[in-house]
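1. Need a 3D model of the following:
(chains A and B)
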2 protein chains.
Amino acid sequence: MSKKIPHRLYLTEEQMPKAWYNLRADMKEQPDPMLNPATGKPATEEDLYPVFCKALAHQEMDSETRYVEIPEPIQDFYKMYRPSPLIRAYNLEKALDTPARIYYKFEGNNTSGSHKLNSAVAQAYYAKEQGLTSLTTETGAGQWGTALAEACSFFHLPLTVYMVKGSYHQKPFRKAIIQTFGGEVIASPSDTTEAGRKILAEHPDTTGSLGCAISEAVEKAVTTPGCRYVLGSVLNQVLLHQSIIGLESKIAMEMLDEYPDIIIGCAGGGSNLGGLIAPFMQDKLLGRANPEIIAVEPASCPSLTRGRYAYDYCDTGKITPMAKMYTLGCGFIPSPNHAGGLRYHGMSPILSKLYHDGYMRAVSVEQTRVFEAAVLFAQQETILPAPESAHAIRAAIDTALACKESGESKTILFGLTGTGYFDMTAYSSFHDGTMTDYIPSDEDLAIGFAGLPKIPGIQE
Amino acid sequence: MSKKIPHRLYLTEEQMPKAWYNLRADMKEQPDPMLNPATGKPATEEDLYPVFCKALAHQEMDSETRYVEIPEPIQDFYKMYRPSPLIRAYNLEKALDTPARIYYKFEGNNTSGSHKLNSAVAQAYYAKEQGLTSLTTETGAGQWGTALAEACSFFHLPLTVYMVKGSYHQKPFRKAIIQTFGGEVIASPSDTTEAGRKILAEHPDTTGSLGCAISEAVEKAVTTPGCRYVLGSVLNQVLLHQSIIGLESKIAMEMLDEYPDIIIGCAGGGSNLGGLIAPFMQDKLLGRANPEIIAVEPASCPSLTRGRYAYDYCDTGKITPMAKMYTLGCGFIPSPNHAGGLRYHGMSPILSKLYHDGYMRAVSVEQTRVFEAAVLFAQQETILPAPESAHAIRAAIDTALACKESGESKTILFGLTGTGYFDMTAYSSFHDGTMTDYIPSDEDLAIGFAGLPKIPGIQE
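-> Numbering: from 1, shown residues only, chains lettered A, B, ... in the order given. Now for the predicted structure:
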């Protein structure tokens, strides 16, 4: 059978999904509701209108609609860079001498360099439809900022991007590419917002964090008329849009008469993992199949493996609604880990709930082992992976090597979320031996946990 | 009909070409033979053995074999990143409001960021087959060096890359990516070769050129046992390997019931243009069709539009065989144009001959107009083009606008050779207004022409 499997499988335009899949519609137990920070009560759709445009606020709260039709203009945009290929890692398999069959869904073949474009175009489209006149966002590694700049440029929406300061300096060219698409880039924390000024006053030397950049972007959105905030991960709406990854993967695997025994994705806020696993998790929820699902996170920012399942703010400045999720505490500022996209204190509430209920497991991996995997992968598969994606590669390699030990010919599917062309500073530090591993101590984590909000009657 | 045309068309593995096409087999008049620099007589295949491995020396001289079977391991490597998509530029067409139908063959979706990998894997494979133990090469923009590093890593061949000094400093991350694939990078001119030391002595502040880097790489190859030199453009063998671009394009266009009226490619040494046009030029040579073919070169390095058709060395140090080609003189050192891949004094002898015989025309374009086109293209098609590729975009846009003027619904095919992720310094200088245009004066060119070799009885 393996002879017939091509290296790369692309769906045709006709085969591309016409609807996103909403995982919540099949979850027997729903994630706990978001809470309005002002009242401590469950947030309503209307509560979200000052921050999100209406269509997206609706998607955020809608746990009923199983399939959400993808508007025609978004489908057209998708056709510019999708479908993304499902790739059989023949050469990696050979190098590992494993009986496992390794597939990866490669989302990096677009200028944003990652899967982030899948949700960026949706969010820009709905904002334009509502007649909004500008958007703000944050970006960690820079993929999300680039993706949103592309989408905003296409739909003629001005954009301000708050970029985590550490990444801003590690990746100078990200700014130039976002500018090419007309976006304005500000290193966060900055003095352009109250939230930024407050954090700078407390931690003048901070390299920033996603949580902090979110605070600034949200503040800018709610204080600017016609402006809204958009977010590249964590949110339910983002997982909805990203389901395109899993839906395409599943169609492609069906064409190959394959079904994954193990599905692996890196997890920062959960956008990639949530999208990749969506239709397979559906099978699991409905008892149709039972694939093993593994979230991979950096040891430096281990929200699933060492965090608490608790209500927390999505941002450092505590102005967003509170979500029940695995979190290190919104006050946790991770070390300047090179995988900027995985430096978030929390995790998608949907994934957190599924993890809490035992539908998936999580592992954490150290940075230098991640880059070892990245270099091996690049040399065998000729794709230079993003550091974030390389977390999934590390776990896929470890799983394939375990198959070699046990002699099991399992089918592994992992998400290769993006390329590392803007991460060469990190690769250089790996090559010259200056890269270090950082694992927060229990004391480090305790500081973050101490800052978890107290909510009378819910979380004391 | 246009309704049925997808945005992106990928061939299946079964549809991929199994043989390269050798354009020389259908040329009624052959390019003039290469001359041995020591004797002034036509070079034999054996004359090339010290520089090239045997299979490649044979391909270089073989003007008879029409189709050259692609060895299985090269086909397998191709399947890791090919086929490349043929893309209909629906959004660019709309932005230009043109009746023209614009297609582009996108070669940038691999880690080298360009079409260069097509020949790199072939050259590394044949070197390994012959039992060679290392390779050297030069690189301008860095795509070729990256491509060859990928190929050498795959076939376990140590590699030394001489990188044009201007690009080396403009693109610091190219070095890191070549290192990821195990390649050594040296800024050229360097003090590691006699040729480099000589040029440094004469021009201590030079930013280098492809011709100079070639001299250094060839010298290193012929003075190192088991080592050979490989080149990413200009040579007949390279055009042979790059014919995969045109062959795939033609199959894809046939599937769409399309045939290009106009074919446009950027031209530095000619590798992309020669590959893209190959099967269409065959149609032209055999009288089966008559597409217009346009080479686009930078105004700063105008070998076709302002050069001489003469015998010249392929390198600045005058150690390579002499080729009859359009040239600015091997002593011409172009200004530090950002499109590093187009900074070569000469042009493929095959393309030079075809141009000389009227089978194609050439235009030159200025850098700032090229970047205007690049930004428009990126915003409409969401792909950030390499500066080299953007030369073709400029000409394609100009052609489409001419169609708008005349009301003609022509079919345009252009080669999008690569992505610009490592060219953000150039994009930044365009954004901040510091980019300038440079056009050599007739006096500048006269210096290069004065250095053309004198060959008794052939070129006085």
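
2. so how far is the first residue of stretch A:435-452 from its last?
-> From its first residue to its last, stretch A:435-452 covers 32 Å (CA to CA, to the nearest Å).

3. ok, which residues in the stretch 301-450 of chain A are in contact with chain B?
-> Within the stretch 301-450 of chain A, the positions near chain B by CB under 8 Å from any CB of the partner chain are A:375, A:378-384, A:419, A:421-422, A:424-425, A:427-428, A:431. To be clear about C-beta, it is placed using only N, CA and C from the backbone, and glycine gets the same treatment.

4. from these, which ones fall inside helices?
-> A:Val375, A:Ala378, A:Gln379, A:Gln380, A:Glu381, A:Met424, A:Thr425, A:Tyr427, A:Ser428, A:His431 (DSSP state H).

5. okay, now the nearest residue to the second one once chain neighbours are set aside: neighbour count?
-> To tie it back to what came earlier, the one meant is A:Ala378. Of all residues not flanking A:Ala378 in the chain, A:Leu384 sits nearest, at 4.8 Å (CB to CB, 6 or more residues apart in numbering or on different chains). For A:Leu384, the neighbour count with other CB atoms under 10 Å in any protein chain shown is 30.

6. How about the contacts made by A:Leu384?
-> Residues near A:Leu384 by CB atoms under 8 Å, 6 or more residues apart in numbering or on different chains: A:Ala374, A:Ala378, A:Thr419, A:Gly420, A:Tyr421, A:Tyr427, B:Thr111, B:Ile177, B:Thr180.

7. Tell me where the stretch 201-350 of chain A has strands.
-> Secondary structure of the stretch 201-350 of chain A (DSSP state E, counting those that start in this stretch): strands at A:227-229, A:262-266, A:292-298, A:308-313, A:322-327.

8. Out of the residues of the stretch 301-450 of chain A next to chain B, the closest to B:Met322 would be?
-> Using CB to CB, A:Thr382 comes nearest to B:Met322 of these, at 35.7 Å.

9. The closest one and B:Met80 touch, don't they?
-> Yes - here A:Thr382 reaches B:Met80: they are 5.4 Å apart, a contact under CB atoms under 8 Å.

10. Verify the contact between A:Asn22 and A:Glu60 for me.
-> No - assessed by CB under 8 Å, A:Asn22 is found out of contact with A:Glu60, at 11.0 Å.

11. of those two, who's got more company?
-> A:Asn22 (24 against 20).

12. How much space separates that one from A:His241?
-> According to CB to CB, to the nearest Å, A:Asn22 and A:His241 sit 10 Å apart.

13. Now do A:Gly183: how many residues are near it, please.
-> Around A:Gly183 there are 24 residues (other CB under 10 Å).

14. so who does it touch?
-> Listed by CB under 8 Å, 6+ apart, the contact partners of A:Gly183 are A:Gly145, A:Leu148, A:Ala149, A:Cys152, A:Ser153, A:Leu159, A:Thr160, A:Val161.

15. Would you map the helices across the stretch 51-200 of chain A?
-> Counting by DSSP state H, counting those that start in this stretch, the stretch 51-200 of chain A has helices at residues A:54-61, A:72-81, A:90-96, A:117-129, A:143-155, A:165-170, A:172-180, A:194-202.

16. and the last one, how far from the chain's centre?
-> Taking CA atoms, centre = their mean, to the nearest Å, one finds the center of helix A:194-202 at 26 Å from the center of the full chain.

17. Who are the packing partners of it?
-> On a contact count with 3 or more CB pairs under 8 Å, 6 or more residues apart in numbering or on different chains; DSSP states H and E, helix A:194-202 meets helix A:210-222.

18. tell me the phi and psi of A:Phe414?
-> Dihedral pair for A:Phe414: phi -130, psi 160, per degrees, to the nearest 10.

19. and it, what are its bridge partners?
-> Beta-bridge partners recorded for A:Phe414 (DSSP bridges): A:Tyr104, A:Ile264.

20. So which elements touch the helix or strand of chain A at the bottom of the mean pLDDT ranking?
-> Lowest by mean pLDDT, DSSP states H and E among the helices and strands of chain A is helix A:165-170, with a mean of 85. With contacts taken as 3+ CB pairs under 8 Å, 6+ apart, helix A:165-170 sits against helix A:172-180, strand A:184-188.

21. that older thread, out of the contacts of A:Leu384, which one sits closest to B:Ile263?
-> Within the set of those, B:Thr111 lies nearest B:Ile263; the separation is 26.9 Å, counting by CB to CB.

22. Tell me who's in contact with that closest one.
-> A:Ala378, A:Thr382, A:Ile383, A:Leu384, A:Thr419, B:Thr146, B:Glu150, B:Ile177.

23. I'd like those laid out as a markdown table, including pLDDT and distance to B:Ser348.
-> Putting the contacts of B:Thr111 into a markdown table (pLDDT from 0 to 100; distance: CB to CB, whole Å) gives the following:
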| residue | pLDDT | distance to B:Ser348 |
| --- | --- | --- |
| A:Ala378 | 97 | 31 |
| A:Thr382 | 93 | 26 |
| A:Ile383 | 96 | 30 |
| A:Leu384 | 96 | 29 |
| A:Thr419 | 95 | 31 |
| B:Thr146 | 95 | 21 |
| B:Glu150 | 97 | 23 |
| B:Ile177 | 93 | 27 |
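
24. Between these, which sits nearest A:Ile397?
-> Using CB to CB, A:Ala378 comes nearest to A:Ile397 of the contacts of B:Thr111, at 12.7 Å.

25. Touching, the closest one and B:Ile178? I think so.
-> No - using CB under 8 Å, A:Ala378 is not in contact with B:Ile178; the gap is 11.4 Å.

26. Look at these two and report which has more neighbours.
-> Ranked by neighbour count (other CB under 10 Å), A:Ala378 and B:Ile178 place B:Ile178 first, with 26 against 23.

27. Can you tell me the closest non-neighbouring residue to the more buried one?
-> In space, not counting the residues next to it along the chain, B:Ile178 is nearest to B:Ala149; the distance is 4.5 Å by CB to CB, 6+ apart.

28. Quick check: A:Phe449 vs chain B, distance?
-> 38 Å (CB to the nearest CB, to the nearest Å).

29. that's a helix at that residue, yeah?
-> Yes - counting by DSSP: H, G, I helix; E, B strand; the rest coil, A:Phe449 falls inside a helix.

30. List the residues that contact it.
-> Counting by CB under 8 Å, 6+ apart, A:Phe449 makes contact with A:Arg308, A:Leu328, A:Gly329.

31. how close does it sit to A:Asp312?
-> Counting by CB to CB, the gap from A:Phe449 to A:Asp312 is 10 Å.

32. what residues do the two have in common as contacts?
-> Joint contacts of A:Phe449 and A:Asp312 (CB under 8 Å, 6+ apart) are A:Gly329.

33. And stretch A:319-334, end to end?
-> 20 Å.

34. let me redo that: stretch A:163-176
-> 13 Å.

35. same thing with stretch A:359-378?
-> Start-to-end span of stretch A:359-378 (CA to CA) is 31 Å.

36. Now do the buried residues in that stretch.
-> Neighbour counts using 16 or more other CB atoms under 10 Å in any protein chain shown place A:359-360, A:362-367, A:369-378 of stretch A:359-378 among the buried residues.

37. Those in helices, which ones?
-> Going by DSSP H, the helices hold A:Gln367, A:Arg369, A:Val370, A:Phe371, A:Glu372, A:Ala373, A:Ala374, A:Val375, A:Leu376, A:Phe377, A:Ala378 from these.

38. any idea how far A:Ser209 lies from A:Gly307?
-> For A:Ser209, the distance to A:Gly307 - CB to CB - is 15 Å.

39. Which of the two has more residues huddled nearby?
-> Each of A:Ser209 and A:Gly307 has its neighbours counted (other CB under 10 Å); A:Ser209 has more, 31 against 25.

40. Contact partners for that one?
-> A:Val164, A:Thr316, A:Phe332, A:Ile333, A:Pro334, A:Arg343, A:Tyr344, A:His345.
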